[in-house]
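> fold the following, please.
(2 chains)
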Amino acid sequence: AQKITQTQPGMFVQEKEAVTLDCTYDTSDPSYGLFWYKQPSSGEMIFLIYQGSYDQQNATEGRYSLNFQKARKSANLVISASQLGDSAMYFCAMKEAAGNKLTFGGGTRVLVKP
Amino acid sequence: NAGVTQTPKFRVLKTGQSMTLLCAQDMNHEYMYWYRQDPGMGLRLIHYSVGEGTTAKGEVPDGYNVSRLKKQNFLLGLESAAPSQTSVYFCASSYSGGMNTEAFFGQGTRLTVV
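This is a model prediction of the structure:
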């Protein structure tokens, strides 16, 4: 069963606006970490932000914030003040404490329009 | 710092040929991973290693073999390439398997099997 679901295959956002990328996950492990990665057209995977299952506050890194709703098992990425350079694929991923593996969702392609 | 380096970056194989993808990391990481990326499916784990001399199967191991004879290197082998193995392959490494441990990725290898 797929553990990470990203329901938005692609989306457009206007430059300078905020965009929310959805991610839901499934796990029975009470200890887990959630990650977001960015993959620009050049292909590399860039780590953006991390949220632990026991973290009380939502993670923030610059223009990136993670809307963590534990009861709903969702970990949405919010990008504020979108820039043209934000156009990329974005992947949500999870690592369970009991496992050694990082499991990825299918990704969301974001295109920022000027 | 080099980080995670994959060799080669591009390759075209004929069906039935064999090849080895090399991943090298200079961060003294214990854990190393091989993923494949296909459109709409995110990154799927092929094999991984939790330390020198160890390997384990991931989500899609069939048709691939791996070896980790040295801590810094993780090799992915295709003994008899098939068109279904056309994909972009990513190597990653992490300091440990902990749930809060970030994975660092190589630049990817684009493999086409004709």
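> shouldn't B:Ser84 be within a helix?
Yes - according to DSSP: H, G, I helix; E, B strand; the rest coil, B:Ser84 belongs to a helix.
> chain A versus that one, what's the distance?
Distance, B:Ser84 to chain A, using Cβ to the nearest Cβ, to the nearest Å: 18 Å. Heads up, the C-betas are built off the backbone N, CA and C, glycines and all.
> again, but for B:Leu43
Taking Cβ to the nearest Cβ, one finds B:Leu43 at 4 Å from chain A.
> give me the neighbour count for that residue.
Around B:Leu43 there are 27 other residues, counting by other Cβ atoms under 10 Å in any protein chain shown.
> next: A:Ile49.
20.
> is A:Gly52 in a bridge, and if so with what?
A:Gly33 (DSSP bridges).
> so it touches A:Ala97, yeah?
No - at 9.6 Å, A:Gly52 and A:Ala97 do not qualify as touching, with contact defined as Cβ atoms under 8 Å.
> joint contacts of those two?
Counting by Cβ atoms under 8 Å, 6 or more residues apart in numbering or on different chains, the common neighbours of A:Gly52 and A:Ala97 are A:32-33, B:99.
> distance to B:Lys57 added to these, as TSV?
Formatted as TSV, the shared contacts of A:Gly52 and A:Ala97 follow (distance: Cβ to Cβ, whole Å):
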residue	distance to B:Lys57
A:Tyr32	21
A:Gly33	22
B:Met99	21
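> tally of neighbours for the nearest residue to A:Met89 once chain neighbours are set aside?
Distances taken as Cβ to Cβ, 6 or more residues apart in numbering or on different chains place A:Gln39 nearest to A:Met89, at 4.2 Å, with adjacent residues excluded. A count of nearby residues for A:Gln39, using other Cβ under 10 Å, gives 20.
> and the contacts of the least confident helix or strand in chain A by mean pLDDT?
Between all helices and strands in chain A, the lowest mean by mean pLDDT, DSSP states H and E belongs to strand A:102-104, at a mean of 92. Applying Cβ under 8 Å, 6+ apart, the set of residues contacting strand A:102-104 from outside is A:3-4, A:35, A:37, A:91-95, B:33, B:35, B:42-45, B:92, B:94, B:103.
> name the residues that touch whichever helix or strand comes after it?
Counting by DSSP states H and E, the next helix or strand C-terminal to strand A:102-104 is strand A:108-113. Counting by Cβ under 8 Å, 6+ apart, strand A:108-113 makes contact with A:6, A:8-15, A:19, A:21-22, A:79, A:82-90, all of which sit outside it.
> change it to 10 Å
With Cβ atoms under 10 Å, 6 or more residues apart in numbering or on different chains as the test, strand A:108-113 has contacts from A:6-17, A:19, A:21-23, A:38-39, A:77, A:79, A:82-92.
> quick check: closest non-adjacent residue to residue 101.
Since you didn't name a chain, this refers to chain A. Nearest to A:Lys101 is B:Leu45, by Cβ to Cβ, 6+ apart, at 5.5 Å.
> not quite, I wanted chain B
That would be B:Ser94: by Cβ to Cβ, 6+ apart, it lies 4.7 Å from B:Thr101.
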